[in-house]
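A.B. asks: Return a 3D structure for these sequence lines:
(chains A, B, C and D, ligands or ions: 8)
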Number of protein chains: 4
Amino acid sequence: MREDVIGRANVEDTPELEAYYKELEQFEAGALWTVANKIEPWQPKSQSVPVLWRYKDLREHVLRSVDLVTPEKAGRRVIYLNNPGRRDVSAAVGWLYSGLQVMNPGEVASAHAHSASALRFIMEGSGAYTIVDGHKMTLGARDFVLTPNGTWHEHGVEASGSPCIWQDGLDIPFVNAIEANFYAVHPKIQQDDSGLPIDDMTKTWGNPGLRPATGKWSKGYSPMFKYEWEPTYESLNKYAKATDGSPFDGILMNYVNPVTGGHVMQTIGASMQMLRPGEKTKSHRHTGSFIYQVAKGSGYSIIDGKRFNWQERDIFCVPSWAWHEHGNDSNTEDACLFTFNDLPVIEGLGFYREEAYGDNAGHQAVAA
Amino acid sequence: MREDVIGRANVEDTPELEAYYKELEQFEAGALWTVANKIEPWQPKSQSVPVLWRYKDLREHVLRSVDLVTPEKAGRRVIYLNNPGRRDVSAAVGWLYSGLQVMNPGEVASAHAHSASALRFIMEGSGAYTIVDGHKMTLGARDFVLTPNGTWHEHGVEASGSPCIWQDGLDIPFVNAIEANFYAVHPKIQQDDSGLPIDDMTKTWGNPGLRPATGKWSKGYSPMFKYEWEPTYESLNKYAKATDGSPFDGILMNYVNPVTGGHVMQTIGASMQMLRPGEKTKSHRHTGSFIYQVAKGSGYSIIDGKRFNWQERDIFCVPSWAWHEHGNDSNTEDACLFTFNDLPVIEGLGFYREEAYGDNAGHQAVAA
Amino acid sequence: MREDVIGRANVEDTPELEAYYKELEQFEAGALWTVANKIEPWQPKSQSVPVLWRYKDLREHVLRSVDLVTPEKAGRRVIYLNNPGRRDVSAAVGWLYSGLQVMNPGEVASAHAHSASALRFIMEGSGAYTIVDGHKMTLGARDFVLTPNGTWHEHGVEASGSPCIWQDGLDIPFVNAIEANFYAVHPKIQQDDSGLPIDDMTKTWGNPGLRPATGKWSKGYSPMFKYEWEPTYESLNKYAKATDGSPFDGILMNYVNPVTGGHVMQTIGASMQMLRPGEKTKSHRHTGSFIYQVAKGSGYSIIDGKRFNWQERDIFCVPSWAWHEHGNDSNTEDACLFTFNDLPVIEGLGFYREEAYGDNAGHQAVAA
Amino acid sequence: MREDVIGRANVEDTPELEAYYKELEQFEAGALWTVANKIEPWQPKSQSVPVLWRYKDLREHVLRSVDLVTPEKAGRRVIYLNNPGRRDVSAAVGWLYSGLQVMNPGEVASAHAHSASALRFIMEGSGAYTIVDGHKMTLGARDFVLTPNGTWHEHGVEASGSPCIWQDGLDIPFVNAIEANFYAVHPKIQQDDSGLPIDDMTKTWGNPGLRPATGKWSKGYSPMFKYEWEPTYESLNKYAKATDGSPFDGILMNYVNPVTGGHVMQTIGASMQMLRPGEKTKSHRHTGSFIYQVAKGSGYSIIDGKRFNWQERDIFCVPSWAWHEHGNDSNTEDACLFTFNDLPVIEGLGFYREEAYGDNAGHQAVAA
Ligand SMILES: [Fe+2]
Ligand SMILES: [Fe+2]
Ligand SMILES: [Fe+2]
Ligand SMILES: [Fe+2]
Ligand SMILES: [Fe+2]
Ligand SMILES: [Fe+2]
Ligand SMILES: [Fe+2]
Ligand SMILES: [Fe+2]
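C.D. replies: Residues are numbered from 1 along each chain as shown, chains lettered A, B, ... in the order given. Ligands and ions are numbered 1, 2, ... in the order given. Okay, the predicted model is just below:
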């Protein structure tokens, strides 16, 4: 890949050079200029492509898995999302994995722990719960839950509940890539009853402007394991009264670790954003990979020139450095997008970079 | 002050030594062993004494000041609290100043700024507001408000309101002591209208587990300038369901800077605590000076062996290293105590130390 | 990949399931249990293999490149090291790139910047220099130099010097993997003379226990761009007098950012270690990928059961979670190993994990 | 103290008001406007005055104390420095204590610990040592040593040494003021031999750009307990080649905690500065209290309009917000000033403020 630009590799193959390259190979070596322009691109070119996964397509297949496999046999009964550019690493975008998990009333999954960080966003059903390091949480629609790196966790649905579906989000591909993934099954298969009150961590840490005086917390993730939908939606509405919002994202808030004000986990961040009635944002692009779930309403996103129309519970992704803008289809109802991403990695290591789309009043042309 | 203990100064005065001490004085010097035991006590002995200021005593005097002086002449119309041991520095306890400020409907005070950090806790009246660096906040009973180090601030009561009284808390004595106090009157006497929405900072930063994605804040104090009573009380009740509470304090939460999870300002911390119906805490002591206001209910505190019975809006103080325990008089209603303190200084500089009262099942004997 | 273990996927293929899998593919989805055991291994299994690159093998080929390509045509004249398991990403181990760069007296390379972080470790020659954001540094053998993420940098050898060879280390593969790599050629091809004194950053920040009172530095990398060999070796010798050393590493010190005490860059850490005369360390393994260069002396390393004998200027790698131990062959001379690694990523994101080799008094059996 | 300025208290005494003030007194209260202007000054006015303590005056008196008291009787045999404005708190300036301690060969002082932080700067003699939490350090002239808050420490002079004098610096007055001072005598009067190598902490942490890979240190103070003169002076000379220096301070470096890059202790900072031959700095003022010792050379300082000529080992102080400038008398030799100060408190709590002297080309007029 030669480039005729000063400062870039531009070496023509010659028989002498080709012989030289052969020799280098014997010593597990190569000539940088043969790969330099490829490994040092002018700007990122993601291997992922934008994808929209429609809930109406997936739902029946997810439910069908209930009949096909047991949680015992499957480990977890999950249909995962495959980005066409990332099938080799089972990622939905970048290094992020996502899937839809389904459990029937009365089912329980075995407790386990892993270095990968996980989150869930509840899509439907009642009676679901999760237990993270002994903290039991009840899960309702649009609640957002953490099961961080290294924690013991198990899921279930009470016998009195209904079939539950939620979205899983994990950094499994990333943790594999950096060769740091450990997995353990709980020695007793289920965690012992800790005796802790239900939802204790949310009651303790999920208070506005207040925190327990005696609570020490120095782990790398948020102690507030569950973020409920109702106060989240209320927060967006309150914040909307105090800001004009972002031109690119409307009313955008991050879920945070209340102890630090930073991201909820060390490798995965998450946000909820509201597009106000009729709001159409401008385009920008930035580093970082993003998976969206439509929490409320309907609308569209234009990603690298392609339009994706979405409805409640649809999932889509925005790859790194892809142009993107969003629109709410309704002029009377707001639309809300839940997102999770690898920003803690990108920002934390010094790689965040952002650019506004300058042309056409900030809006991309859409491919026909 | 001689002590007959190895490692302590124990030098007898002799004529020769007295002559020597005289000589040293000429050179602005002295012999350490003449003062060592005094300046290196075995443990802190506060110059402050415990005091209870009853609202029923103070209220009429505070209101009378309305007739006696104008805000223009007085600067601020405040009756301040004098600890008998700290009259020289106008402190209510330790290095903390406190006073009761009163404003009538239609009054406005001039805008100014100072290096001292300030807070207010609203006691009664309607229509009060404060403007901090252009952010206007409406103030209701039991709301807690910040006017941090260096911010422009001004107070007033709307013409449609009623006479308002609030407690001021400042670190004026401390900032004077470390010789770092600056004061400025606003060049225009009142701040210009900033056009910002009312209570914008609380709407932006006062959300549980969420914060604005684009909000940058790196100042040394909380951007959430106002902490309202209702969500505070709700938070105490939620947290009470998740904890057994502290044996010394019941349900105790700190007001925090949501960006850091730390204290609201660099020199003053604040908390709200709930004593559950019938709750009687055990005694402990610790470094740090504390001023309490009874936000709700009635009860008592025992401080260094002396009992103080308190009612709503009473104010009292606990000096550094004084034993203290609290009790709620009611078996059906909870009682709430607002506190502010110098913990950011004490903890931040490495001086926090705590001890539980061991005898008598943790309860002090009360002097007759 | 089925596993007959509770909590792991163990689903037999059936015609019904295979049909189901086909259907899922249409929706860019799959069944997690078909890949779960693969993507959630019990522990990391690196794609990299241990490799030793002997300087005596490489040196002549590196020098030959001088005749084969110019820096102008090649961009940079570098022979890079190819790990057999990582050829697809041009990495020497894990996500770390390394190569040997050669420049002749009088040559200069064009100035450029990239999101990848880089370092050099000087191997031979005199008169080399590098300029990082206007700070010019002279380079001697075994000096260690940074060219961090985003800095303008250029290299050259003074006309009065001799041919110079150094080892480059970069995180190019990692930055590509997280799709965050930007590259820019300096608009003027060479940086303007900044007028700053030679080696100013080392003189300013490279002082033991002291730093400039007025120096502000808040970037993500060390301001001390060059770490010279002489004080480094002296430091190892001083520290050796105060410690028994590590059973796994002998006398091991990290190069640090003097402002934070942390790693020199946000994605690459570096260390120098001394194996005392006759010292043979015990085996351990840990997450993180490491590239070593022998700075002084000779000895061996046993990596995952394979012995590698090394001499001065040889380079070898230790993949993530590979067992490794080191030995100094000499009973009279110390041996020193320079290392760079991805520990800032591994530690910073919460993935560091370490295990001592328990059997055989801590020493691996070596394959025949 | 009335002021005829809008926003300041300006209330005339009337019989009615005087009666009112009397009434308030009964309730431990007062009217703020009677003290407001005093407690809220426009800018700091230090209670301390500039003082120069000449070593030639003090030395003989310090040595005489050896004959007058034993360390056993005196606790520590120290002549302390009394600022005329701070005699009530035994401070040399602000809230900082300083004294000259003398010990004869063969003497040992008892081990103890206190909440106050301490440092020493060695002035003369050989054979002195100190032991801090089991770490023994030998002390030579101009070495700078820490004995931080809470550490066990003891001093002595080897029998083979000569009479030793050093300057002590402590924050005793401050720790008393915030009512947080604890004192303990070591249960065994002397610390047990820890077996640690002499000067181990300096060998471990006092290396330029390097630190032990395995060393964890999270205490609030520097693990590098001793900063030796020789590398300090070398560092000033190196840094001088890379900077123009500060117009107010010449070549000024802070002693730092190598783990954080910050101040050596939580309440006391320290610096060494070099005035180059003939250098005369400009005046500025800032918050914070400073005690200087002349480590090398001779010159003068002008403090709030008064000139102080100093020589090696003289001590002087600069109060908060006092104008000050320094000059080196020699045109051939450099002069060095050691300083310690309360900057960690002032900066850490948000009170640092600085102003350059604008008139007269930056130089004060000196009172005749
Ligand atoms: Fe899991
Ligand atoms: Fe975006
Ligand atoms: Fe004020
Ligand atoms: Fe308390
Ligand atoms: Fe480069
Ligand atoms: Fe290792
Ligand atoms: Fe002491
Ligand atoms: Fe100064």
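A.B. asks: Secondary structure element holding the residue in the stretch 1-150 of chain A that chain D sits nearest to?
C.D. replies: When scored by CB to the nearest CB, the stretch 1-150 of chain A has residue A:150 as its residue closest to chain D, at 19.8 Å. Where C-beta positions appear, they are placed from N, C-alpha and C, glycine not excepted. For residue A:150, there is no helix or strand it lies in under DSSP states H and E.
A.B. asks: tally of neighbours for it?
C.D. replies: The criterion is other CB atoms under 10 Å in any protein chain shown. On that basis, residue A:150 has 19 neighbouring residues.
A.B. asks: Okay, and the beta partners of the residue nearest to it when sequence neighbours are not counted?
C.D. replies: Using CB to CB, 6 or more residues apart in numbering or on different chains and skipping the chain neighbours, the partner closest in space to residue A:150 is residue A:113 (6.0 Å). Counting by DSSP bridges, residue A:113 forms beta bridges with residue A:184.
A.B. asks: Touching, residue A:113 and residue A:132? I think so.
C.D. replies: No - under the contact definition of CB atoms under 8 Å, residue A:113 does not touch residue A:132, with a separation of 10.0 Å.
A.B. asks: overlap in contacts of these two?
C.D. replies: A:151-153 (CB atoms under 8 Å, 6 or more residues apart in numbering or on different chains).
A.B. asks: ok, so of those residues, who is nearest residue A:367?
C.D. replies: Looking at the shared contacts of residue A:113 and residue A:132 and their distance to residue A:367, the nearest is residue A:153, at 42.2 Å (CB to CB).
A.B. asks: just checking, the closest one touches residue A:131?
C.D. replies: Yes - here residue A:153 reaches residue A:131: they are 6.7 Å apart, a contact under CB under 8 Å.
A.B. asks: what sits in contact with each of the two?
C.D. replies: With CB under 8 Å, 6+ apart applied, the overlap between the contact sets of residue A:153 and residue A:131 consists of residue A:111.
A.B. asks: Now the residue of the stretch 1-150 of chain A closest to chain D: phi and psi?
C.D. replies: phi 90, psi -10 (degrees, to the nearest 10).
A.B. asks: which residue packs closest to residue A:237, ignoring adjacent ones?
C.D. replies: Take residue A:237 and drop its neighbours on the chain: the residue closest to it by CB to CB, 6+ apart is residue A:274, 7.7 Å away.
A.B. asks: Okay, and the beta partners of that neighbour?
C.D. replies: Once the bridges are assigned, which here means DSSP bridges, residue A:274 pairs with residue A:251, residue A:336.
A.B. asks: Look up how far residue A:132 lies from the residue of the stretch 1-150 of chain A closest to chain D.
C.D. replies: Between residue A:150 and residue A:132 the distance is 11 Å, computed by CB to CB, to the nearest Å.
A.B. asks: between the shared contacts of residue A:113 and residue A:132, which is nearest residue D:106?
C.D. replies: Checking the shared contacts of residue A:113 and residue A:132 against residue D:106 with CB to CB, the nearest one is residue A:151 at 60.3 Å.
A.B. asks: what's the burial count for the closest one?
C.D. replies: Quick note: residue A:151 (other CB under 10 Å) scores 20 neighbours.
A.B. asks: Residues of the stretch 201-350 of chain A that sit close to chain C?
C.D. replies: A:220, A:266-267, A:287, A:289, A:319-321, A:342, A:344-346, A:348-350 (CB under 8 Å from any CB of the partner chain).
A.B. asks: among the residues you listed, which are in strands?
C.D. replies: Among these, no member falls in strands (DSSP state E).
A.B. asks: Can you tell me which of these end up in helices?
C.D. replies: In helices, judged by DSSP state H, the following of those are found: A:344-346, A:348.
A.B. asks: who's in contact with the residue of the stretch 201-350 of chain A at minimum distance from chain D?
C.D. replies: Proximity to chain D, evaluated over the stretch 201-350 of chain A using CB to the nearest CB, is greatest for residue A:218 at 10.6 Å. Residue A:218 is in contact with residue A:259, counting by CB under 8 Å, 6+ apart.
A.B. asks: hang on, the earlier thing: can you count the residues close to the residue nearest to residue A:237?
C.D. replies: By other CB under 10 Å, the residues close to residue A:274 number 25.
A.B. asks: who touches it in this structure?
C.D. replies: The contact partners of residue A:274, by CB under 8 Å, 6+ apart, come to A:236-237, A:240, A:250-252, A:334-336.
A.B. asks: Can you tell me which of those is nearest residue A:328?
C.D. replies: Of all the contacts of residue A:274, the one with the least separation from residue A:328 (CB to CB) is residue A:335, at 4.2 Å.
A.B. asks: Correct me if wrong: that closest one contacts residue A:273.
C.D. replies: No - in terms of CB under 8 Å, residue A:335 does not count as a neighbour of residue A:273; the distance is 9.1 Å.
A.B. asks: okay, and the common contacts of those two?
C.D. replies: When contacts are counted by CB under 8 Å, 6+ apart, residue A:335 and residue A:273 are jointly contacted by no residue.
A.B. asks: For stretch A:134-151, give the mean pLDDT please.
C.D. replies: The predicted model assigns stretch A:134-151 a mean pLDDT of 98.
A.B. asks: how far is that stretch from where the chain is centred?
C.D. replies: Stretch A:134-151 sits 15 Å away from the centroid of its parent chain (CA atoms, centre = their mean, to the nearest Å).
A.B. asks: can you check stretch A:353-367 too?
C.D. replies: Put simply, stretch A:353-367 sits 24 Å off its chain's centre (CA atoms, centre = their mean).
A.B. asks: ok, and does that stretch reach over to chain B?
C.D. replies: No - figure legend: stretch A:353-367 not in contact with chain B (CB under 8 Å from any CB); closest approach 10.8 Å.
A.B. asks: Is chain C within reach of stretch A:122-130?
C.D. replies: No - interface with chain C: stretch A:122-130 contributes nothing (CB under 8 Å from any CB), its closest point being 14.8 Å away.
A.B. asks: picking up where we left off before, looking at the residues of the stretch 201-350 of chain A next to chain C, spot the one nearest residue D:278.
C.D. replies: Ranking these by separation from residue D:278, with CB to CB as the measure, puts residue A:350 on top at 44.3 Å.
A.B. asks: For chain A, give me the ranges with low pLDDT.
C.D. replies: Nowhere does chain A drop to pLDDT under 70.
A.B. asks: Chain C versus residue A:133, what's the distance?
C.D. replies: From residue A:133 over to chain C the distance is 15 Å, taken as CB to the nearest CB, to the nearest Å.
A.B. asks: cool, residue A:34 as well?
C.D. replies: In this structure, residue A:34 and chain C are 9 Å apart, going by CB to the nearest CB.
A.B. asks: swap in residue A:175?
C.D. replies: Residue A:175 sits 7 Å away from chain C, taking CB to the nearest CB as the criterion.
A.B. asks: go on, residue A:347?
C.D. replies: According to CB to the nearest CB, residue A:347 and chain C sit 10 Å apart.
A.B. asks: Also residue A:311?
C.D. replies: With CB to the nearest CB as the criterion, residue A:311 and chain C are 15 Å apart.
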